[in-house]
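**Q** below is the structure, and that's it, no one-letter string:
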């Protein structure tokens, strides 16, 4: 029986993960900002904590409270986050700061705090919910993509640091899933700069509005795949979820390979000349 700590458990993928973990017989500690979800589980297997991930002290305290609930932490899922949509040029410092507090700094703070417990256990699994936007971004999500790209980089480096300690890391990059992520309760719309960016930002925002609540991805199925990865003897460092995420990742890789090949001679020309 594993103990899961899931941030942002009130809805979406976080709620689906909590249901999947509880359904498999595990214990779950989850965070919510306000109203707790309606989950059917024995009181000795579920603990719900209130936390504001934009508050640094909250992000640290809640990890200690999670450990105190069941005496161990086997799986940390940094799931809480939101999207900031709009033109990069018109974003404000306040918008940028708040986004990174929730989507980047909080997961890092939570992970740093949890690692002390996992090191003592000699085991653990850190799961960071990133996004395909962090690997293959498009217009209208520049700041959100930057935040998720940062979490991807953190995950890859962290995995190498903690592997000898028996701790595993998985960066989960979902595509578009049928949740409320694009609703006003989750995503925030900055200044879209419609006049100057109508063909890029404006078109992208229109596309997102059209697909909202009609996305291909099923969060319950995604939760089951994450559960399978946690139980795997050889879990992936990078886990894509959704056929759209797979397509976008492959297209990005193809573009990168072509670009590297086109500039390969210039790239290697910057090395010092080897002594004869």
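**A** Cool, the structure landed. It should be emphasised that the depicted structure is a prediction, and the values quoted were computed from it without experimental measurement.

**Q** the stretch 51-200 of the chain: helices as residue ranges?
**A** Applying DSSP state H, counting those that start in this stretch to the stretch 51-200 of the chain gives helices spanning 56-70, 93-100, 106-121, 142-162, 194-197.

**Q** in the third one, what's buried?
**A** Residues of helix 106-121 classed as buried: 106-111, 113-115, 117-118 (neighbour count, 16 or more other CB atoms under 10 Å). All C-beta atoms are positioned from the backbone trio N, CA, C, and that covers glycine.

**Q** would CSV of those with distance to residue 218 be doable?
**A** Formatted as CSV, the buried residues of helix 106-121 follow (distance: CB to CB, whole Å):
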residue, distance to residue 218
106, 27
107, 24
108, 29
109, 31
110, 27
111, 28
113, 32
114, 29
115, 32
117, 32
118, 30
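
**Q** coming back round to it: nearest to residue 34, of the helices of the stretch 51-200 of the chain?
**A** helix 56-70 (13.5 Å; CB to CB).

**Q** and the closest one, what does it pack onto?
**A** strand 3-6, strand 27-32, strand 46-50, helix 106-121 (3 or more CB pairs under 8 Å, 6 or more residues apart in numbering; DSSP states H and E).

**Q** about what we covered before: now the helices of the stretch 51-200 of the chain in CSV, please, with extra columns for mean pLDDT and distance to residue 175.
**A** Shown next, in CSV, are these (pLDDT from 0 to 100; distance: least, CB to CB, whole Å):
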stretch, mean pLDDT, distance to residue 175
helix 56-70, 97, 27
helix 93-100, 95, 20
helix 106-121, 98, 20
helix 142-162, 98, 12
helix 194-197, 78, 24
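
**Q** need those helices in a markdown table (columns: distance to residue 3).
**A** A markdown table is the format used below for the helices of the stretch 51-200 of the chain (distance: least, CB to CB, whole Å):
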| stretch | distance to residue 3 |
| --- | --- |
| helix 56-70 | 5 |
| helix 93-100 | 29 |
| helix 106-121 | 10 |
| helix 142-162 | 18 |
| helix 194-197 | 46 |
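
**Q** nearest to residue 79, out of those helices?
**A** helix 106-121 (8.9 Å).

**Q** where does this structure have low pLDDT?
**A** Along the chain, the parts satisfying pLDDT under 70 run over 41, 177, 179-194, 207, 210-215, 276.

**Q** so in it, which strand runs the longest?
**A** strand 167-174 (DSSP state E).

**Q** can you tell me the strand partners of that one and which way each runs?
**A** The pairing partners recorded for strand 167-174 under DSSP bridges are strand 124-129 (parallel), strand 238-241 (parallel).

**Q** flag every buried residue along it.
**A** Across strand 167-174, burial judged by 16+ other CB under 10 Å covers 167-174.
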